[in-house]
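J.: below are the sequence and a predicted model for it; my questions follow.
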Amino acid sequence: MHDCKERTRLLIRCGNGEALQMANEITEKYPIEWISRPQEGLAMIKVRETAGQTLFCLGEVLITEAKARIGGHIGLGVVTGSRPALCEALAVVDAACRAELPETNRWDAYWARILERENTQDKMWLAIREKTKVDFRTMKE
Amino acid sequence: MGYVAVQGGAEAIKEANLLAEYNNCRAGRAISVEDIRENLKKMVDSVMSESSLYSPELAALAIKQAQGDPAEAVFLLRAHRSTLPRLYFTTVTDTAHMRVERRISAAFKDIPGGQILGDSPDYRHRLLDYALCAQSPADAQDFARQYEANIREASERTSAEQSGNRGRLPKLVDFLRSQNLVSNPDLSDEPPHDITTEPLVFPSARSSRLQILTRGMTGAVTALGYAKIRGFGISHHPNIGELRVGSLPLHILSDLSGAQEEYYIGEIEATEAEIFMEAHCRGEEAENVLGIGLGYGLCFGRNETKAIAMGVLEHSMENPGPGDPTSDEEFVLLHVDAVESTGFVSHLKLPHYVTFRSKLDRIRNIRKEQSRV
């Protein structure tokens, strides 16, 4: 089982479809209480600059946020952009993991598929980057 | 003379708005928001940066609504932003975690990780490409398909080790700090000022200066940065230590579950510039020695010229020179904002009948007085 940071990273970066499927499995079996349905809002991005090594506000990013409750466990879904369906799915998956529902232990196939997709995407991305790497040669007389 | 309330023009305003819409539609063409987002990326990036709101979809919509006027698009986005609640602050985003797509140094040839050109117009001839007049969506799809096929082949040779570091590259400045060539101030966790919630006061905090510069108008920041380099203060040419473009992962903290936990929420694309300038710094025995000063620029999207100019300007304000207008924070910070500057200049178009009439009356009265004398 991935921790919260890694789980959300995988689902948002490479597992949008799987997040919807996982959430679907849960909503078919358990009653979901929506504390808040997806709403758009902002997150201010705090960054550390490298000259003075101080913090400053870079600007805001549009986000979508939802909160769901399953059996007394609250799940949070937050994602950049306007993505209500993914946001809802993230909240349900989060609540399911916190409630330690038995279904969450049967998601290994999903995680394996997401990790494989991430690996393929990363290799493609890196291959593009490597193509534009400068190969310096020293000029000879 | 007192103020006289007048009304009228509602019908003319309605018709003016209809005419603007007609002029935009009369050729029977409608560009999609998606086309703007995908094909006018640099414009989308600069609008997001100047409006201080990262959303490629909303920026593309604003550009369409503004008929391509960047200042108007920024105005629309800033107005929209004011209708949305701020739900979170991210945790501190460290640019060392950037997934780097482009990275160059003009100061050193051999840098750890290499010089990566990425996607940049810097290496193209500035000649109009007439082939684009006939480019169709099918042509674009064919090109993308062919390019991806070539990359797929190359990606088979990419090792797991290469792809394992999530695209991070070591920072040049860290190497220079290890050599004591660049000062290494202690990490400060002092909460930053936020100029969207607190008024700007002078002398300004460093965090306020950086926030205003990063959301400044690209043209204004570039022009003032150029003024600094060209001759208002520094007698030498800055060097680009490192310029990076890539994706920054964002995280928030939540304690909904009882304990504080970190959530990944997505990525933003950003440009970071570290500019080297000759400067005095503290030596090993606290003596003043000649070293390298660092100017810092960071902005949303691919915005290289702005990030470089931001670095030059922030260094100028941090190290003010006598008689240098680009060191004058009031001069720089109060004039680079897109909405404030275009808004003020544009307001001159609004009716000023009463104020102008009073000016005329004053001139006439003074002339009358003078003729009597």
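T.: Great, that's in hand.
J.: pull the longest helix from chain A.
T.: helix A:108-131 (DSSP state H).
J.: how about that helix against chain B, any contact?
T.: Yes. Helix A:108-131 reaches chain B (C-beta under 8 Å from any C-beta of the partner chain) through A:N119, A:T120, A:D122, A:K123, A:M124, A:W125, A:L126, A:A127, A:I128, A:R129, A:E130, A:K131. Using the backbone N, CA and C atoms, a C-beta is placed for each residue, glycine as well.
J.: ok, stretch B:83-94 near chain A or not?
T.: Yes. Using C-beta under 8 Å from any C-beta, we find that stretch B:83-94 touches chain A at B:L84, B:P85, B:R86, B:L87, B:Y88, B:F89, B:T90, B:T91, B:V92, B:T93, B:D94.
J.: what's near enough to touch the last one?
T.: It stands for B:D94. When contacts are counted by C-beta atoms under 8 Å, 6 or more residues apart in numbering or on different chains, B:D94 touches A:V47, A:R48.
J.: that older thread, for ChimeraX, write the selection for the buried entries among the residues of stretch B:83-94 next to chain A.
T.: The ChimeraX command for the buried members of these (criterion: 16 or more other C-beta atoms under 10 Å in any protein chain shown) is given here:
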select /B:84,87,88,89,90,93
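J.: dump the residues of stretch B:83-94 next to chain A into a markdown table; add pLDDT and secondary structure as well.
T.: Supplementary listing: these in a markdown table, determined by pLDDT from 0 to 100; DSSP: H, G, I helix; E, B strand; the rest coil:
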| residue | pLDDT | secondary structure |
| --- | --- | --- |
| B:L84 | 98 | coil |
| B:P85 | 98 | coil |
| B:R86 | 98 | strand |
| B:L87 | 97 | strand |
| B:Y88 | 97 | strand |
| B:F89 | 98 | strand |
| B:T90 | 98 | coil |
| B:T91 | 98 | coil |
| B:V92 | 98 | coil |
| B:T93 | 98 | strand |
| B:D94 | 96 | strand |
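J.: pLDDT-wise, which helix or strand of chain B ranks last?
T.: helix B:160-163 (a mean of 58; mean pLDDT, DSSP states H and E).
J.: let me fix that: chain A
T.: Least confident helix or strand of chain A, by mean pLDDT, DSSP H and E, is helix A:108-131 with a mean of 94.
J.: export that helix to CSV, keeping only CA atoms.
T.: Coordinates of each C-alpha in helix A:108-131 appear next as CSV, following Å, rounded to 0.1, in the frame of the first residue of the first chain:
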residue,chain,number,x,y,z
ASP,A,108,-2.4,-4.4,-6.7
ALA,A,109,-3.2,-5.0,-10.4
TYR,A,110,-4.2,-1.3,-10.7
TRP,A,111,-1.0,-0.1,-9.1
ALA,A,112,1.1,-2.4,-11.2
ARG,A,113,-0.5,-1.1,-14.4
ILE,A,114,-0.1,2.5,-13.3
LEU,A,115,3.6,2.0,-12.4
GLU,A,116,4.2,0.3,-15.8
ARG,A,117,2.6,3.3,-17.6
GLU,A,118,4.6,5.7,-15.6
ASN,A,119,7.8,3.9,-16.5
THR,A,120,6.9,3.9,-20.2
GLN,A,121,6.0,7.6,-20.1
ASP,A,122,9.2,8.5,-18.2
LYS,A,123,11.3,6.6,-20.7
MET,A,124,9.6,8.4,-23.7
TRP,A,125,10.0,11.7,-21.9
LEU,A,126,13.7,11.1,-21.1
ALA,A,127,14.4,9.9,-24.7
ILE,A,128,13.0,13.3,-26.0
ARG,A,129,15.2,15.1,-23.5
GLU,A,130,18.3,13.1,-24.4
LYS,A,131,17.8,13.9,-28.1
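J.: need the three-state assignment for A:L76.
T.: Counting by DSSP: H, G, I helix; E, B strand; the rest coil, the backbone at A:L76 sits in strand.
J.: quick check: it touching B:E262?
T.: No. Between A:L76 and B:E262 there is no contact under C-beta atoms under 8 Å: 11.4 Å.
J.: thank you kindly, that will do.
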